[in-house]
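Asks: got a sequence here, can you build the structure:
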Amino acid sequence: MPPLNLIRILDANFNRLREGLRVVEEFHRFFKPNRGLAWRLKQLRHKVLNLETILEIDQALYLESRDVHGDFGAYATAAAEKKRLNLGHIVTASHKRAQESARVLEEMAKLIVPKKIKEFKAFRFALYELEKKSSEIIKKLGRTN
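Replies: Numbering: from 1, shown residues only. Modelled structure (predicted):
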């Protein structure tokens, strides 16, 4: 079993990854409806569970390792997070959040399942492609909404 601190890193990043994907999915579902992108984002969110399964860590351990009150970064907010100019900025920031989390998961997975890293890497590159598609839609909106 990996150390609890490593499981905490995984837990935080799996949560952050799902959250970022959900924000972008909601944009493509409700604000600028795009059935294809919304569906792809939903599929990726559900694929996060597959990534968790690859690590073979009991789901209960993620909750056991969680220490929100002891995590000094849990309530830290960067100035940029407090200021979003429009929905385009929110979507872009959410894409970046998901990508950063996917990278952390990929790196940490090397310590647990080094032979299965290609799954994590493929997931991350799928996020890059979706960001490009979202960016094209945001540009058409003029980033004003």
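Asks: which helix or which strand is home to the residue nearest the centre of the chain?
Replies: Residue closest to the mean C-alpha point of the chain, counted by C-alpha atoms, centre = their mean, is residue 17 at 1.8 Å. Assigned by DSSP states H and E, residue 17 belongs to helix 4-26.
Asks: buried residues, the helix or strand just after that helix. List them.
Replies: Per DSSP H and E, helix 4-26 leads on to helix 35-55 as the next helix or strand towards the C-terminus. The neighbour-count check on helix 35-55 (16 or more other C-beta atoms under 10 Å) flags 37-38, 40-41, 44-45, 48, 51-52, 55 as buried. To be clear about C-beta, it is placed using only N, CA and C from the backbone, and glycine gets the same treatment.
Asks: with stretch 18-31 instead?
Replies: By neighbour count, with 16+ other C-beta under 10 Å as the criterion, the buried positions of stretch 18-31 are 18, 20-25, 27-29.
Asks: repeat that for stretch 112-130.
Replies: Taking 16+ other C-beta under 10 Å as the basis for neighbour counts, the residues of stretch 112-130 that come out buried are 112, 119-120, 123-124, 127, 130.
Asks: so which of the residues you listed are in strands?
Replies: When the buried residues of stretch 112-130 are checked against strands (DSSP state E), there are no matches.
Asks: in this structure residue 112 contacts residue 52, no?
Replies: No. With contacts counted by C-beta atoms under 8 Å, residue 112 stays clear of residue 52, the gap being 11.3 Å.
Asks: where does the protein dip in pLDDT?
Replies: Screening the chain residue by residue with the criterion pLDDT under 70, one finds the ranges 71, 73-82, 84, 143-145.
Asks: returning to that earlier point: tilt between the helix holding residue 17 and helix 35-55?
Replies: Per axes from the mean of the first three to the mean of the last three C-alpha atoms, to 10 degrees, the angle that helix 4-26 makes with helix 35-55 is 170 degrees.
Asks: what sits up against helix 4-26?
Replies: Outside of helix 4-26, the residues within contact range by C-beta atoms under 8 Å, 6 or more residues apart in numbering are 2, 38, 41-42, 44-45, 48, 51-52, 55, 57, 61-67, 71, 90-91, 94-102, 104-105, 108, 111-112, 130, 134.
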